[in-house]
Structures are given as structure tokens and as C-alpha cells.
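Asker: Pasting a predicted model and its sequence here:
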Amino acid sequence: MESNRTTQKKWRAGRAPNFDELLAKVRGETKAETAAKEEAERLKKLPLPEPKTEGKYEARIVQALVEIMTGKPTIAKPTQIQMPETLYEPITLVLSSTGQFYYRVTPDSCSCDGWYYSKQRYNVGRCRHHTLAFSEQAVQNNKIIEGLKAAAKPRALEQVQAKASKPKIVVRNAEDFHDLSKAQMKELGARIESKLKKEYALFDYALVRADNQSITLKYVYKEEHSQAEETQVQAMIKAAKALTPEGVSVCASCM
């Protein structure tokens, strides 16, 4: 009776009673339940994002799905959510490491990037989410991948040994060069640079062109070089030609 009189007084004062508060008292809702309900209501009002990745869902969307399935509001983010069984295959939603998304995981797939790259490389998928959801299948996949890696190691070692056994280009005299390859031209340029940098302050670097068998000596740019500097350039060209076989042209430029 006292409650009814209080309600009537509020109505007479022009203030409608808060029926949500009254209902909460009747049902005996706890503060935690109220907070969960408010959070769920807030999430419902947020606009749904455009899907960016197939099989990747925002955590708040999954929370709304859990509320629909259980009939209870929730703010929890479980690591795994077992979906109801279907006629096709079991499905588990697994929380990402950042806690922002859930990935759709089945015994033979996962929608994360790690599974995709593993599938591309080994033709067998492997990822953290799949291991959590389907551990037995994950063990089998891991054995296959480790077997492929073990089989690939001897081939990789053979390739390294073959590369190491290739003869190195050794430059001794100008007569050693005939129809120089790109690698030989590069080594010749390095040899010329090493000599000219020690003897000529004006020298900068050697521009090597393997396509037309030429080497251009680059020296410091000035609007006008002195006679002594011009003499130095000529000496640079002469020294470079002494190291260069017939058929390779040598010139100099400050541009």
C-alpha cells in the first residue's frame, strides 16, 4: 500500500515513476547484470561495420550472437565459442590475440592470415586458432609441415654448397679480360676505383656499363677546372686504361 501511495504522489506531482527501477527491484537484478544489459544495449546501437575479411567478425557482433543464442546479455569475450552442430562440419569461433575479432575455424580451415600463408607455402594449414579449436587435427597438420621442412633442408644445403663452389672471378692482368661479363665488368670497375682513389683527389667513382663495355670515370664537378686539374683527369684516364683490356672503352666526365 505504501508503494502505491508513493507512486500516486509522483503521478500527482507530474513525474512518472521509473518502471525499469521498479522492475529491477522486483526481479532482484544485481549490479553486474544491469551493467551487462547496458553494455549490450550500447553495442546494439553501434552501426555494423562493412565486412573486410570473410570469416572474421568483430567481437561485439559475436557477443550479440551469444546473447541471441543464450537469451542473456554478456560483456565477456570467451577464447572459444562452440557453434551449434550442423550437417556439414563443426564450427568454432576463436578470439584473436588482440581481442578485437573472432575467426571462423573448422577442422580443415581458419579465416586468419597465418592459415592462408601456411596453406600457400606447404599446401597444409597451420595457425594458433586452429590448434586451440581442433588440437588433434592440428597435430597431424604440424607433422606434415615439419616433414616437408625436413625434406627441404638437404636441398637448401645443396644449393648453398653449389653456390659456394662456383669459381670466383680473379683479376690479375688486363689480358685476363675477353668479352667481359657483367660480373667481370663490375670487378674491373672496383679495381679501377681502388687505384684511382688512392692517387687522384679529383676522382669520385667509376660508372660501369656492361651492355656497351665501357667505363666512365666520374670526377668532382666545378664550373671551371684549372690546368693542373685537367692534367690530373688525363692522368686518371691513362691509369684506368692501363688496367683495362682491349675492347673496353674508358672516358671521363664531371657531369
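Answerer: Looks like it arrived, so ask away. Numbering: from 1, shown residues only.

Asker: ok, and the closest non-adjacent residue to L217?
Answerer: A252 (4.2 Å; C-beta to C-beta, 6 or more residues apart in numbering). Every C-beta, even on glycine, is put in place using the N, C-alpha and C of the backbone.

Asker: Equivalent analysis for I91, please.
Answerer: In space, I91 is closest to M83, 4.2 Å off (C-beta to C-beta, 6+ apart).

Asker: Return the set of buried residues in the host helix or strand of Y205.
Answerer: Using DSSP states H and E, the element containing Y205 is strand 203-209. Neighbour counts using 16 or more other C-beta atoms under 10 Å place 203, 206, 208 of strand 203-209 among the buried residues.

Asker: do the same with stretch 78-85
Answerer: Buried residues in stretch 78-85, counted by 16+ other C-beta under 10 Å: I81.

Asker: From V105, how far out is V139?
Answerer: Between V139 and V105 the computed distance is 15 Å (C-beta to C-beta, to the nearest Å).

Asker: scratch that, A76 is what I was asking about
Answerer: When A76 is compared with V105 (using C-beta to C-beta), they lie 19 Å apart.

Asker: So between those two, which is more surrounded?
Answerer: V105 (26 against 7; other C-beta atoms under 10 Å).

Asker: which residue packs closest to L132, ignoring adjacent ones?
Answerer: Here the residue nearest L132, using C-beta to C-beta, 6+ apart, is V94, at 5.6 Å.

Asker: That neighbour contacts A133, doesn't it?
Answerer: Yes - if you go by C-beta atoms under 8 Å, V94 and A133 touch, sitting 5.4 Å apart.

Asker: The residue nearest the centre of the chain and Q120: what is the separation?
Answerer: Geometric centre of the chain, nearest residue: D113, 9.8 Å, by C-alpha atoms, centre = their mean. Applying C-beta to C-beta, the value for D113 to Q120 is 10 Å.

Asker: who touches both of the two?
Answerer: Common contact partners of D113 and Q120 (C-beta atoms under 8 Å, 6 or more residues apart in numbering): none.

Asker: How about G114: what's its closest non-neighbour residue?
Answerer: Distances taken as C-beta to C-beta, 6+ apart put C127 closest to G114, at 3.9 Å, once the chain neighbours are dropped.

Asker: do the same with Q82
Answerer: T92 (5.7 Å).

Asker: Count the neighbours of that neighbour for me.
Answerer: With other C-beta under 10 Å as criterion, T92 counts 20.

Asker: Lovely, talk soon.
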